[in-house]
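Chemist: Requesting a structural model of the entry that follows:
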Amino acid sequence: MPEMLSMPSAVRRARALMWIQTALCVLGLLAMLVLIGMAGARAGSAGGLLVIFLFGVTQTGVLGWLAAALEDPRQWVKWTCIGVEAILIALRIPSVLSGDIPALIAVVLALVVIGSLSGKEAARWFG
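Modeler: Just a heads-up that it's a prediction; the model follows:
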């Protein structure tokens, strides 16, 4: 049986940042619920917000699941995390270009996660 390695600091950093992303998504979802409730008073205006809310629920679930999955040193976990973070970056580029500070923070977090999972330390963990 191979010796169990302790999780390297780069992977712990990526996991912690992904949990932070998940928590920020939960805060965003709570804000969306308030907006949906306010828009619900006006006929038909909550539909678009509901679609965005459902995307946010999906994003939150995927980020949380992947953060937990980083405990498992399998290649698919690493590449799925990197792929999801890259997609989230691509989706936020228009917002960043229009000066949206929360989107910029999200992009920076995603870039640090990708960088942490792309280094030699993480490569040894995911073997």
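
Chemist: wait, what's in contact with R13?
Modeler: The contact partners of R13, taken as Cβ atoms under 8 Å, 6 or more residues apart in numbering, are V112, S116. Bear in mind the C-beta positions are built from the backbone N, C-alpha and C, glycine included.

Chemist: pLDDT wise, what is it at?
Modeler: We have a pLDDT of 97 for R13.

Chemist: Downstream of the longest helix seen in the chain, the next helix or strand is which one?
Modeler: Looking across the chain with DSSP state H, the single longest helix is helix 9-40. Downstream of helix 9-40, the next assigned helix or strand under DSSP states H and E is helix 47-69.

Chemist: measure V26 to K78 for me?
Modeler: Plainly put, V26 is 24 Å away from K78 if you go by Cβ to Cβ, to the nearest Å.

Chemist: With A31 instead?
Modeler: Using Cβ to Cβ, A31 is found at 31 Å from K78.

Chemist: So between these two, which is more surrounded?
Modeler: Under the criterion of other Cβ atoms under 10 Å, the comparison of A31 against K78 puts K78 first, with 23 against 12.

Chemist: show me what contacts that one?
Modeler: Residues near K78 by Cβ under 8 Å, 6+ apart: L117, A122, F126.

Chemist: Count the neighbours of the second one for me.
Modeler: A122 sits with 23 neighbouring residues when counted by other Cβ under 10 Å.

Chemist: contacting residues around the nearest residue in space to it that is not next to it in sequence?
Modeler: Sequence neighbours aside, A10 is the residue nearest to A122 in space, at 4.8 Å (criterion: Cβ to Cβ, 6 or more residues apart in numbering). The contact partners of A10, by Cβ under 8 Å, 6+ apart, come to S116, L117, G119, E121, A122, W125.

Chemist: at 7 Å what do you get?
Modeler: S116, G119, E121, A122 (Cβ atoms under 7 Å, 6 or more residues apart in numbering).

Chemist: What separation do you get for I93 and A14?
Modeler: From I93 over to A14 the distance is 21 Å, taken as Cβ to Cβ.

Chemist: Repeat that for S95.
Modeler: With Cβ to Cβ as the criterion, S95 and A14 are 23 Å apart.
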